[in-house]
Structure formats: structure tokens, C-alpha cells
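Novice: okay, structure incoming, though there's no sequence with it:
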């Protein structure tokens with residue numbers, strides 16, 4: 001693979017994300033880079049999946065994988081594939097209409113790929129229907145996101161839109177209730193998340209943008225009594241997602 005082709009490809013790095021991608025028939029994988037000398041059981045598992053998908057395996061020394069994914073724990077395997085596919089918002093809404101009480105996340109300019117990956121992982125665990133992210137000024141679906149999600153990126157559809165405010169308005173027209181976070185909001189432990197809902201998670205430093213906050217039907221807050229009155233975005237998202245999960249009778 002040439003350097004130019006590598007720039008046009010994304011990587012899935014690590015064992016759990018790689019196996020999840022290989023098991024997902026919707027993921028178009030170009031090639032498997034497998035480290036020489038890996039334990040036989042794992043190598044045999046990858047070879048079986050590769051044969052089923054008719055994907056080429058390139059056995060390479062560890063130094064080659066270190067070069068492809070510098071300073072990352074690749075665990076002896078890297079997949080190359082086209083940039084991650086996004087789901088059109090209209091398809092996400094269609095999927096939501098076909099499912100009882102859809103639960104969507106709107107991520108307002110999340111910048112850290114580890115936060116995005118962790119949020120996707122939690123979303124998958126709690127049965128979130130899909131995620132909406134902005135096209136600009138936010139992290140996109142990358143190999144770091146995929147690795148942090150430990151394969152959940154293969155199961156949670158992500159829509160990318162040019163304007164989150166317009167997307168929120170579209171959701172409201174489709175019958176969704178929009179919830180966001182704010183220091184002056186209602187205690188999130190009292191949140192009733194029944195019905196078709198969308199939860200907005202704000203930027204790590206700035207929170208939810210003012211125009212998007214105006215689209216919220218209700219604001220929620222996470223009470224804190226410690227000296228640091230803020231939480232990591234993925235931690236806050238996890239608390240809110242699981243409160244929604246619990247209040248919906250799961």
C-alpha cells in the first residue's frame with residue numbers, strides 16, 4: 001500500500017475492534033496486517049474470518065505495525081478500510097420510527113476522540129438508537145475512536161450533519177423530545193426519558209452552544225458536592241445515558 005493510499009484509508013487497531021469489524025458484513029475491509037509470531041489461537045481466528053470475507057492477510061513484523069500506528073497498542077493487528085461510513089440522518093430517523101421509543105444522542109462539538117469512543121461504547125451497551133455529530137469543529141469517526149469504542153462503532157449508527165440546530169428542529173418535527181444539560185437544570189435522577197427522545201451532550205469545555213440549548217424541551221443537571229464542579233464529557237454522558245436507560249424500564 002502506498003503512502004497516498006494509506007492517507008485515504010482509516011485503520012481499525014487492536015484485537016476486539018478488529019474482530020468486531022471482521023464479524024460485521026457491512027464493514028468494507030481492504031486488508032489485514034497481522035503481526036508475525038502471534039499466538040496460534042488468535043491467528044487462527046483471524047485467518048478463519050479472513051477466509052470467510054475473502055480478505056488478504058499481510059503478515060508483517062511488529063515494527064511495521066508500530067509504523068502504521070505509532071504510540072498505539074495495536075496488539076498485533078491492524079485493519080485498513082475506507083473512511084468510516086456515516087448514516088444519513090433521514091435513515092436514522094427511519095430506523096427510529098421503526099423502533100419503539102427511539103433514544104438518540106446529539107454530540108455538540110466533542111473534540112477528544114477518546115471521549116467519542118467511550119460515549120459510543122456506552123451508547124451501544126444501553127441500546128441507544130443512534131448518534132448525531134456535526135461535520136465541523138468536532139472529532140469524526142477515526143481509528144482512535146474505533147479502538148476506544150472496543151468495537152461498538154460497528155453497531156451504533158452515526159449521522160453527520162452540517163447544522164445541529166437544524167437537525168434538532170427536524171427531530172422535534174418527527175415527535176422527539178430534546179433534552180440537554182445545564183447547571184441550572186433539573187436533577188438528572190428525576191429525568192423521565194420515556195418516548196422518543198434525543199439527549200444533547202455538550203462540548204468538553206464550553207458545554208452546549210446557546211442556539212442548540214434553545215431547542216431543548218428540558219434541561220438536566222448532575223449534582224456535584226466536590227471541589228471540582230465538572231465531569232469529563234464521556235463520564236457525564238454515561239450517567240445521563242444510564243438514567244435514561246433505567247427510566248425507560250430497562
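Specialist: Yep, that arrived. What you see is a predicted model, and the numbers here were worked out from it, not measured in a lab. Numbers count the residues shown, from 1 in each chain.
Novice: which phi and psi does the residue nearest to the spatial centre of the chain have?
Specialist: Nearest to the mean C-alpha position of the chain, by Cα atoms, centre = their mean, lies residue 120 at 3.2 Å. The phi/psi pair for residue 120 (degrees, to the nearest 10) reads phi -60, psi -40.
Novice: please name the nearest non-neighbouring residue to residue 162.
Specialist: residue 135 (5.1 Å; Cβ to Cβ, 6 or more residues apart in numbering). (Glycine included, C-beta is placed from N, CA and C.)
Novice: was I right to think the one you found contacts residue 161?
Specialist: Yes. Using Cβ atoms under 8 Å, residue 135 is in contact with residue 161, at 6.5 Å.
Novice: quick one: which of those two has more around it?
Specialist: Between residue 135 and residue 161, counted using other Cβ atoms under 10 Å, the more crowded position is residue 161 (19 against 12).
Novice: residue 167 is in contact with that one, correct?
Specialist: Yes. Assessed by Cβ under 8 Å, residue 161 is found in contact with residue 167 at 4.6 Å.
Novice: mind listing the shared neighbours of these two?
Specialist: 89, 132 (Cβ atoms under 8 Å, 6 or more residues apart in numbering).
Novice: just for the protein, where's the confidence low?
Specialist: Where the chain drops to pLDDT under 70, the residues are 1-9, 82-83, 95-99, 227-229, 250.
Novice: show me the helices in it, by range?
Specialist: Assigned by DSSP state H, the helices in the chain fall at 3-8, 15-23, 40-53, 62-68, 89-98, 113-125, 143-148, 164-173, 210-213, 233-247.
Novice: check which residues of the fourth one are buried.
Specialist: In other words, helix 62-68. Residues of helix 62-68 classed as buried by neighbour count (16 or more other Cβ atoms under 10 Å): 65, 68.
Novice: list phi and psi for the residue located most distally from the centre of the chain.
Specialist: Relative to the C-alpha centroid of the chain, counting by Cα atoms, centre = their mean, residue 37 is the outermost residue, at 32.1 Å. The phi and psi torsions at residue 37 (degrees, to the nearest 10) take the values phi 80, psi 10.
Novice: domain parsing for this structure?
Specialist: 3-82, 89-247 (automatic domain parsing).
Novice: most tightly surrounded among those domains?
Specialist: Comparing the domains of the chain by mean neighbour count (mean count of other Cβ atoms under 10 Å), domain 89-247 comes out on top with a mean of 18.
Novice: returning to what we had before: touching, the residue nearest to the centre of the chain and residue 152? I think so.
Specialist: Yes. Assessed by Cβ under 8 Å, residue 120 is found in contact with residue 152 at 5.0 Å.
Novice: which strands or helices does the lengthiest strand in the chain pack on?
Specialist: Longest strand of the chain, by residue count under DSSP state E: strand 177-187. On a contact count with 3 or more Cβ pairs under 8 Å, 6 or more residues apart in numbering; DSSP states H and E, strand 177-187 meets helix 164-173, strand 197-201, helix 210-213, strand 218-221.
Novice: from residue 84, how far out is the closest residue to residue 192 other than its chain neighbours?
Specialist: Leaving aside its sequence neighbours, residue 192 sits nearest to residue 247 (Cβ to Cβ, 6+ apart; 5.5 Å). The gap separating residue 247 from residue 84 is 31 Å, by Cβ to Cβ, to the nearest Å.
Novice: so who does the residue nearest to residue 192 touch?
Specialist: 191, 192, 193, 194.
Novice: kindly report the same for residue 117.
Specialist: Applying Cβ under 8 Å, 6+ apart to residue 117 gives the contacts 144, 145, 146, 147, 148, 149, 153.
Novice: which of those residues sits closest to residue 213?
Specialist: Proximity of those to residue 213 (Cβ to Cβ) peaks at residue 145, which lies at 25.3 Å.
Novice: that closest one touches residue 113, doesn't it?
Specialist: Yes. Shown here, residue 145 and residue 113 form a contact pair, counting by Cβ under 8 Å, at 4.7 Å.
Novice: okay then, goodbye and thanks.
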